[in-house]
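1. need a structure here:
(chains A and B)
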2 protein chains.
Amino acid sequence: MTKPIFFNAQHSPIGAFASFTLGERGPKGGFGHEIGKPADQNVYIGLENSEQEDVFDMLPFYGAPDGVLANYTPEEIAKQSKVTKTFSEGEIDRDYHPCIDTWHAGDLSFRITSPVKKIPDPAQASVAQLMDTLLPVVFVDITVDNTECDKPRKVCFGYGSTDSQKDFALHYLQHHHKDMNSLNGIGSGRNLAIVSCNGPKDPVHARVGFEIETLLTLKEEPTTSLGGCAVLVATVEPGVEKTLRFAVCFHRQGIVTSGMDASYFYTKWWKTVRDVASYAVENHERLVMEWQMPDTNLLIVKQLSANQNFQLTHAIHSYYGSTQLLQLEDGKPFWIVNEGEYRMINTLDLVVDHAFFELIMNPWTVRNNLEAFAETHSYYDQVSSPSNPKTLLDGGITFTHDMGVANHISPPQYSAYERPFLTDCFSYMSCEELTNWILTACMYISSTNDSDFVNHRLGLLKECLQSLVNRDHPDPKQRNGVMKLNSSRTQGGAEITTYDSLDTSLGQATENIYIAGKCWASYLALEKVLRDANATDEADLAATQAELCAQTMVASIDASSNLFPAIINTTTPHPARIIPAIEALVYPLFTGRKDALSFDGKFAAYLKALTQHLQSILQPGICLFEDGGWKLSSTSDNSWLSKIYLCQFVAREILKQSASDKADAAHVGWLTSPKNTYWAWSDQIIAGVALGSKYYPRGVTSILWCLEGDL
Amino acid sequence: MTKPIFFNAQHSPIGAFASFTLGERGPKGGFGHEIGKPADQNVYIGLENSEQEDVFDMLPFYGAPDGVLANYTPEEIAKQSKVTKTFSEGEIDRDYHPCIDTWHAGDLSFRITSPVKKIPDPAQASVAQLMDTLLPVVFVDITVDNTECDKPRKVCFGYGSTDSQKDFALHYLQHHHKDMNSLNGIGSGRNLAIVSCNGPKDPVHARVGFEIETLLTLKEEPTTSLGGCAVLVATVEPGVEKTLRFAVCFHRQGIVTSGMDASYFYTKWWKTVRDVASYAVENHERLVMEWQMPDTNLLIVKQLSANQNFQLTHAIHSYYGSTQLLQLEDGKPFWIVNEGEYRMINTLDLVVDHAFFELIMNPWTVRNNLEAFAETHSYYDQVSSPSNPKTLLDGGITFTHDMGVANHISPPQYSAYERPFLTDCFSYMSCEELTNWILTACMYISSTNDSDFVNHRLGLLKECLQSLVNRDHPDPKQRNGVMKLNSSRTQGGAEITTYDSLDTSLGQATENIYIAGKCWASYLALEKVLRDANATDEADLAATQAELCAQTMVASIDASSNLFPAIINTTTPHPARIIPAIEALVYPLFTGRKDALSFDGKFAAYLKALTQHLQSILQPGICLFEDGGWKLSSTSDNSWLSKIYLCQFVAREILKQSASDKADAAHVGWLTSPKNTYWAWSDQIIAGVALGSKYYPRGVTSILWCLEGDL
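-> Numbers count the residues shown, from 1 in each chain, chains lettered A, B, ... in the order given. Just a heads-up that it's a prediction; the model follows:
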């Protein structure tokens, strides 16, 4: 591939719902806090030219003058400016890793370090461990190689806002009436600080004003702070190489949510952004060293292809930008992953996908999510047949799609998303969310052997089984293992799936081959947990349902093509072929049911048929785009990378299909297309364009690639 | 005049730095919090058509669909919508008063009530009194006259955001996990709530979703809150008239400032916006009644012309939108008036102008400002002659231009605004701010007889006198009463005046006839305070300086024209003629020096010359625009309404000049020109266009008009 350079990446602390986003040309990055998009600020990174005094070579991350909304390009600005000019693109290189992102241009290197660390369980960890992991900071190192130059050269790092009215006042960190001169840097209100970590031997000057050109060429340090542009300026002496270090600090005080009261967990230790900045200054050397390596060997020793590695790295960056660790009024942690541009809270159909990553990094967050759904965001419903919606049958417990949106916790038993009366987007996902809670819980149990959780939630797990069985049919004689009934919450509408924006091939829940697969995997997972807990009757019921489900699916195969239909048992067969027919095969691997994946075991027919199905549909014109990228449904151009990653893993690891690099190259091509690079990692790509689920956390399903061969 | 209807007005609680701004057509109003401009939201106010079900006649305060930045007009939206259509403009009338602003259209009346109340001194007032004044709420009443209609009709009030990412999640106030169903309405994050004050007999339904059309025509109440549009909907039965009441509640918790820590004063009583909403619901009947009348008879009994009345009303609305009452860490009040679009804090050259209003309404806030400047935002400088800037002479104490910007308190001894090395905008105003503190202090003393303040600040008042004298010249022999020396803070630049964006006729401080007038008034005011305090030597010095100053000014009159020059003693006389030569005459009236305004007293020559000056320059081509509006300087098209108001008062009340309505009509014309109506009241009008000091508090100098004849 052509090495991608100019794409936004999120650089984020863990759990601060914050990102220093950088990489897209123009005023398209900056310091975003609790938003589902880049902050659209000018970011100024530059080095004085070795020959021309007061002329700066800049990285191209700025455009519109500060305070002006017009959308100038860096080139247009440069034409107007005698002070700043951008490096030519050929001069700029970039090294992009999970914890480190570095730009090189001329004698300048600019590096952002952000943590990929395991969060110790707050119930057991020391405060010191937690502080070093949850510090709401990303570090910036700027290295200037001035060894070949006989002049002092200034180097700068700063930013400007393109919407001064919605931002808080820029000011000097030096200036606090009760704490003068203890910090050196730039503040913006109480939520952001860029602090110099350098000692008095390496003087750094903070400057605030109206425009970057003036600030860079000042001959005296300003004392006032009016204006929407701020920059830190230092001088590198002739003949030396020097590294300057800064910490970008985020903070939000007090209760930050509505609907239910919660504050950031880090406010236990840091009451203000100045506290954060002080800690960063004191500990920067140690922390930057610790943060430069990810906290899991999986990301270090695995030999992924370059295309795989790029996607995994990119996904991890976006994931952390959506994380938000809060504390409830009792001080207990409340782990949230926000849903990218949509900012929905702990969307359960993402939780199940994120679990592969979290069970490696922070298993306690998985239990935290499971318990939160059980406590506040579960509900009981009834069910009914699409053909007879008014006759309500016994349903059972299930879980909401999400727990709210944009820092608003939705009320008990309700999501922000789901609405009645609908048959497509925004309808209920009652059955899929039930499988998602079951599968996440069983993966958690299998991964951690947390007997306390099993003991505490055994009753709920049994209820989940009964609820899932009832969604097949409350009458045992009418069961075939597959979900056939809609929740009464739809009020006559129809349940949908996580693939809410696709056509019915993946959007309709009842009798969907994708949902059927998840039911099958849920029964298998429940059978294991319940049998281990000596709940033999329930385990037997689960086993029966799994077998019924597999039989029904295999029986649905279209005899003429040997392919699974997207929707089974329709009188008029749905024409779509879908890759996610294989998706649920991932779960037996992580719920202690590897036995079910044996090609000569109980489900051999199902596995062989899925292998045949996948081989047949991974063809141009069916489930491959022209560029070789995977097309989840043959009847929709909307394809989701997070799910492609998961299905790629299933194809290779379980169905033993070989993989060419062509698909990965195509997927990298989607992410690095200029149409999409503003949004960092995005999920929903419609014919090559990110049109939904942008700036999204879900791509960490690619962590599965690191496990291939080891399971 | 043609009655103005469609102009933005701020409707604000007292001291909450918040405004429900409404009146400009399109998505140009809404709920602004700590910003210096309208919030640019869609505001939906409408009544179901008497003949067509599910068709709403709307006031035209919306445009761009929610979440979309495109700038649609209401007419364009209406074309696309079968649900909403705007009333035709001829159907809409508006009654605009200081406390009440009412739109009438068809059978709909929409009224906003905002307080114009005296804030009792927190050091003495009861909590109940303070709460009823400082409640961060404006009330909305919607009256529907359905007496002539035989159908039930729905009525709605709501809003939508045009920038969903920068706003907080909309939600139902009913939904708080620990406080379900105690409130009914719409919340946005933790900072805004629109609560229904109506009882269960008048059901109001809160709805949140993506677009107003869908929400208005829902047949079932939604349970979820995804989307950027929220609306409250009620039904008025056939044949009745009904009034529905809502409270728009603002709140910001915790410390809200940087540089120095302060929180909103109202957080003493209301910890959250829900607390505010509860208080509003409980007390709405009483408070709306109390708030409907201003707390000063001046605004009720004074017979101003319609044009005057409009300007005073408009100015008061904008003033309150800039007010912000905070508390410091010790719980003591910190009164702030923000500087309109610039958001600078307590700009001292505005404080002196606002004092006319505040000494009527809330004298304690004037002392609060004076003490704050004395404690933290004063400094000592040296001075030097423009002709010999490097020779520094004794200066003295003076005060900063402001105390910070946009919730950032600037460091001790420094403003956010003033910078060294300059000769125009953003230079220091050291001498003018000294006169502003002196004049404000002496007006405060004269108005309140606060002997505690005099005792506490007598030393400072003496220092101020010496500092002002030194800015004439430290050497008594070289004094002529006029400011001639620049502050060393300018570092070789030149001091400016509050008229920072005008040319040198009003922008240059040294030897400016406007500043000279303020020095004269300051000496007179100080003489009185010091003599009353038995500081006879200092009082004599002040008296001498006042006389010297007047003599110098009178001596500067251009013999050929009998006019004052703008800048005196220049070798090449400045060609400008300026109205503010008369401005400082206002101060003797309010500092107990009415004696100095006698036409047969000590300053008769000065007064007669100013009368002659004013008469001569208030002519088209000199200091009148073609439309009859006042032009402060003959050499600049930039004219400032707040200062015009003040000088109109001086002209009539002190110089006994008759006033025609033509100027007032012209000034109303400026404010109500479609170019300017977005910005509510604005100060700097350049040839009819508001190009600076928009959305501004300073117009309350027009309160002086209510005092004419009574002083």
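
2. Could you check how far the closest residue to residue A:662 other than its chain neighbours is from residue A:582?
-> Leaving aside its sequence neighbours, residue A:662 sits nearest to residue A:628 (C-beta to C-beta, 6 or more residues apart in numbering or on different chains; 3.9 Å). Glycine gets a C-beta too; all of them are placed from N, C-alpha and C. The gap separating residue A:628 from residue A:582 is 18 Å, by C-beta to C-beta, to the nearest Å.

3. Please say which of those two ends up with more neighbours.
-> The residue with more neighbours, out of residue A:628 and residue A:582, is residue A:582; 25 against 17, by other C-beta atoms under 10 Å in any protein chain shown.

4. Helix, strand or coil: sort out that one for me.
-> Of the three states, residue A:582 takes helix according to DSSP: H, G, I helix; E, B strand; the rest coil.

5. Give me the neighbour count for the residue of the stretch 501-650 of chain A found nearest chain B.
-> Chain B sits closest to residue A:501 of the stretch 501-650 of chain A, with a gap of 14.4 Å, by C-beta to the nearest C-beta. Neighbour count of residue A:501, defined by other C-beta under 10 Å: 18.

6. you'd agree it is up against residue A:427?
-> No: here residue A:501 does not reach residue A:427: they are 12.0 Å apart, not a contact under C-beta atoms under 8 Å.

7. any idea which strand is longest in chain A?
-> Scanning chain A for the longest strand, with DSSP state E as the assignment, gives strand A:388-399.

8. ok, and for it, which residues are buried?
-> Buried residues in strand A:388-399, counted by 16 or more other C-beta atoms under 10 Å in any protein chain shown: A:389, A:393-399.

9. is chain B contacted by it?
-> No: applying C-beta under 8 Å from any C-beta of the partner chain, one finds strand A:388-399 out of contact with chain B, separated by at least 15.2 Å.

10. what sits against residue A:470?
-> A:383, A:393-396, A:485 (C-beta atoms under 8 Å, 6 or more residues apart in numbering or on different chains).

11. again, only using 7 Å
-> Contact partners of residue A:470, counting by C-beta atoms under 7 Å, 6 or more residues apart in numbering or on different chains, are A:383, A:394-396.

12. so which of the residues you listed comes closest to chain B?
-> Nearest to chain B among those, with distances taken as C-beta to the nearest C-beta, is residue A:395, at 17.5 Å.

13. My read is that that closest one contacts residue A:468, right?
-> No: the pair residue A:395 / residue A:468 is not scored as a contact, 10.3 Å apart, by C-beta atoms under 7 Å.

14. And for the residue nearest to residue A:245 when sequence neighbours are not counted, the neighbour number?
-> Spatially, and ignoring its direct neighbours in sequence, residue A:245 is nearest to residue A:197 (4.3 Å; C-beta to C-beta, 6+ apart). The tally of other residues near residue A:197 (other C-beta under 10 Å) stands at 24.

15. Residue A:197: what's it in contact with?
-> A:245-247, A:280-281, A:284.

16. Out of those, list just those in strands.
-> A:245-247.

17. Just the buried residues of these.
-> Here the buried ones among the ones in strands among the contacts of residue A:197, as counted with 16+ other C-beta under 10 Å, turn out to be A:245-247.

18. Could you single out the nearest of the residues you listed to residue B:414?
-> Residue B:414 has its nearest neighbour among these in residue A:246, at 24.4 Å by C-beta to C-beta.

19. how is chain A carved up into domains?
-> A:9-291, A:344-707 (automatic domain parsing).

20. was I right about the residue of the stretch 501-650 of chain A closest to chain B contacting residue A:638?
-> Yes: Residue A:501 lies in contact with residue A:638 (C-beta under 7 Å); the separation is 5.9 Å.

21. all strands in the stretch 501-650 of chain A, in order from the N-terminus.
-> Assigned by DSSP state E, counting those that start in this stretch, the strands in the stretch 501-650 of chain A fall at A:638-640.

22. tell me which parts of it are close to chain B?
-> By the rule C-beta under 7 Å from any C-beta of the partner chain, no part of the stretch 501-650 of chain A lies against chain B.

23. Where do the helices of the stretch 501-650 of chain A begin and end?
-> In the stretch 501-650 of chain A, the segments counted as helices under DSSP state H, counting those that start in this stretch are A:504-507, A:513-532, A:536-555, A:586-590, A:604-617, A:641-649.

24. Over to the stretch 351-500 of chain A?
-> Using DSSP H, counting those that start in this stretch, helices in the stretch 351-500 of chain A cover A:363-376, A:430-448, A:451-472.

25. tell me the mean pLDDT over the second one?
-> Confidence over helix A:430-448 (mean pLDDT, whole number) is 98.

26. Convert the C-alpha atoms of that helix to CSV, please.
-> The C-alpha atoms that make up helix A:430-448 are tabulated as CSV, following Å, rounded to 0.1, in the frame of the first residue of the first chain:
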residue,chain,number,x,y,z
SER,A,430,-34.9,-7.1,22.3
CYS,A,431,-33.7,-10.5,21.2
GLU,A,432,-30.3,-9.5,19.9
GLU,A,433,-29.5,-7.6,23.1
LEU,A,434,-30.6,-10.6,25.1
THR,A,435,-28.1,-12.7,23.2
ASN,A,436,-25.5,-10.0,23.6
TRP,A,437,-25.8,-9.9,27.3
ILE,A,438,-25.8,-13.7,27.5
LEU,A,439,-22.7,-14.0,25.2
THR,A,440,-20.8,-11.2,27.0
ALA,A,441,-21.6,-12.7,30.4
CYS,A,442,-20.6,-16.2,29.3
MET,A,443,-17.3,-14.9,27.7
TYR,A,444,-16.6,-13.0,30.9
ILE,A,445,-17.2,-16.2,33.0
SER,A,446,-15.1,-18.3,30.7
SER,A,447,-12.3,-15.8,30.7
THR,A,448,-12.2,-15.0,34.4
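
27. is any part of it close to chain B?
-> No: using C-beta under 7 Å from any C-beta, we find that helix A:430-448 stays clear of chain B, coming within 14.1 Å at best.

28. residue ranges with poor pLDDT in chain A?
-> A:1, A:64-80, A:162-167, A:570 (pLDDT under 70).
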